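A.B. asks: generate a structure from the sequence data that follows.
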Amino acid sequence: MDPGKLVFAQLMDFVPRHDFDACVRRHGGDSRPRGFSCRDQFLCMAFAQLTFRESLRDIETCLRALERKLYHAGFRSAVARSTLADANRYRPSALFSDLFTLMVGRLQRSQRRSLAEATLLVDASVLPLPARSAGWARFSAVACGAKMHVVYDPDADQPIYCAVTAAHVNDITAAQSMPIEAGATYVFDLGYYDYRWWAALHQAGCRIVTRLKSNTPLAVIEQRAVAARHEAWRATDTAKRTYRGMHAAGGNRPCTGKQLLRFAHDDPRRL
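C.D. replies: Numbers count the residues shown, from 1 in each chain. Alright, predicted model coming up:
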């Protein structure tokens, strides 16, 4: 009796082979190490994630224990940990970032609302790594780590963009390489305090929700007579770059009486 495809092979069928191959060609992924394709590397790392493997040795041992089933799972042969280590070291990670973006783009229409209605959260997390990662992930004299930068869609309950950098890379540096979804509302913290990036979001028709630094130089450039007093503000950073798109409305926090300022860069009526 034919038991059918292995569950792992069925899951990997959701990754279109022709699109994966296009990513490989775009980044020249199969150049090194020879004899071990990007597809094999992807299957190994996907298997490791799905089965909670903890090291290259653990991956190698588990795959060798399942050697009779590897062909039916999509593997061409058992994999040595040194070969997998070389592939992870030398092949461009951008190949898999492109694949991730492509797969997110294949979500069903029912899950992909109009981006003009989407609220996206931008943040980064430091990933602590053990001392054996010191050769490529040294962060300080006593710590090793990497940093994961994510754009997260809370309504879809999933990330729509993810990138991994060295731990010392500033949040805003990575954000400047993120694709901008026109019309979306972006929510982020002070790590993304950069007027040039804000201006790029503004030009794409996006809205932003963030905090201002306590020492941000502000100047009132216009007052508008509406139901509550709103003012147009100009902010200038230490490099004398100016962002003129903010509107502010004053108020008090009910529980403490502390004065608050609410900012919107597109339309004061949103305040």
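A.B. asks: partner strands of whichever strand or helix holds A124, parallel or antiparallel?
C.D. replies: Using DSSP states H and E, A124 sits within strand 119-129. Looking at strand 119-129 with DSSP bridges, its paired strands and their directions are strand 144-153 (antiparallel), strand 185-187 (parallel).
A.B. asks: can you put the ones you listed in CSV and add mean pLDDT?
C.D. replies: Output for the strands paired with strand 119-129, formatted as CSV (pLDDT from 0 to 100):
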stretch, mean pLDDT
strand 144-153, 90
strand 185-187, 91
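A.B. asks: and of those, who's closest to Y193?
C.D. replies: When the strands paired with strand 119-129 are compared by Cβ to Cβ, strand 185-187 sits nearest Y193, at 12.9 Å. No exception for glycine: its C-beta is placed from N, CA and C like everyone else's.
A.B. asks: next helix or strand past the closest one?
C.D. replies: helix 195-203.
A.B. asks: just checking, what packs against that next one?
C.D. replies: strand 207-209, strand 242-252 (3 or more Cβ pairs under 8 Å, 6 or more residues apart in numbering; DSSP states H and E).
A.B. asks: weakest of the ones you listed in terms of mean pLDDT?
C.D. replies: Among the helices and strands packed on helix 195-203, strand 242-252 carries the lowest mean pLDDT, at a mean of 52.
A.B. asks: you'd agree D86 is up against G35?
C.D. replies: No - with contacts defined as Cβ atoms under 8 Å, D86 does not count as touching G35, sitting 10.8 Å away.
A.B. asks: which one's more surrounded, the two?
C.D. replies: D86 (15 against 9; other Cβ atoms under 10 Å).
A.B. asks: what comes up buried for the helix or strand harbouring that one?
C.D. replies: Under the criterion of DSSP H and E, D86 resides in helix 81-90. For helix 81-90, burial by neighbour count (16 or more other Cβ atoms under 10 Å) applies to R81, T83, L84, A87.
A.B. asks: can I have that helix written out in PDB, keeping just the CAs?
C.D. replies: Provided in PDB are the C-alpha atoms of helix 81-90 (Å, rounded to 0.1, in the frame of the first residue of the first chain):
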ATOM      1  CA  ARG A  81      27.800  19.000   8.700                       C
ATOM      2  CA  SER A  82      31.000  20.500   7.200                       C
ATOM      3  CA  THR A  83      29.300  20.900   3.800                       C
ATOM      4  CA  LEU A  84      26.200  22.500   5.400                       C
ATOM      5  CA  ALA A  85      28.500  24.800   7.400                       C
ATOM      6  CA  ASP A  86      30.300  25.900   4.200                       C
ATOM      7  CA  ALA A  87      27.000  26.600   2.500                       C
ATOM      8  CA  ASN A  88      25.700  28.700   5.400                       C
ATOM      9  CA  ARG A  89      29.000  30.600   5.500                       C
ATOM     10  CA  TYR A  90      29.500  31.400   1.800                       C
END
